[in-house]
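Asker: Got a sequence here, can you build the structure:
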Amino acid sequence: MRSAIRNAVMTTTATSVLLGGIAAAVTPASAVGSAGCTRNDRNHSVWGPNLEWPAIRTGPGVAYKKKGQLDSAGEFWVECSAKNKYGNRWYYGKSLSSGSYGMKGWVAASWF
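Answerer: Reported below is the predicted structural model:
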């Protein structure tokens, strides 16, 4: 009886460890600040398109977590930029939109 319980506990523990490792491997990339930039684009603002609300993300790509969004026709202060592994340029900076004012993050340059 004890042997069966011990085997069940060991199997459950091993499965939990394995699934935890898989979950960590599938989890979206962690946050990337301005250290991820490859080009200095300081001192200019860009405005989002009308009737669109571009996502502000934790890193340069859609695999990164969405932090918030710019308002329609919202202003974004660009500090720097980088291209992701697909060759798409992403701006890093700060939202000057009323709904997300002061939020720092990454927005796809294709929105502007």
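
Asker: So for residue 8, what's the pLDDT?
Answerer: At residue 8, the model reports a pLDDT of 49.

Asker: brain fart, residue 43
Answerer: 83.

Asker: That one: helix or strand, and which one exactly?
Answerer: Assigning secondary structure by DSSP states H and E places residue 43 in strand 39-47.

Asker: what about the helices in the protein?
Answerer: Ranges of helices in the chain, per DSSP state H, are 2-26.

Asker: Outline the domain layout of it.
Answerer: Here the domain parsing of the chain from automatic domain parsing is 1-30, 34-111.

Asker: Report the separation between the two terminal residues of the longest one.
Answerer: Across domain 34-111, the straight-line distance between its terminal residues is 19 Å, by C-alpha to C-alpha, to the nearest Å.

Asker: Check the domains of the chain for me and report the most buried one.
Answerer: The highest mean neighbour count among those, using mean count of other C-beta atoms under 10 Å, belongs to domain 34-111: a mean of 17. Placement of C-beta: from N, CA and C, glycine included.

Asker: what's the offset of that one from the middle of its chain?
Answerer: Centroid separation for domain 34-111 versus its chain: 10 Å, with C-alpha atoms, centre = their mean, to the nearest Å.
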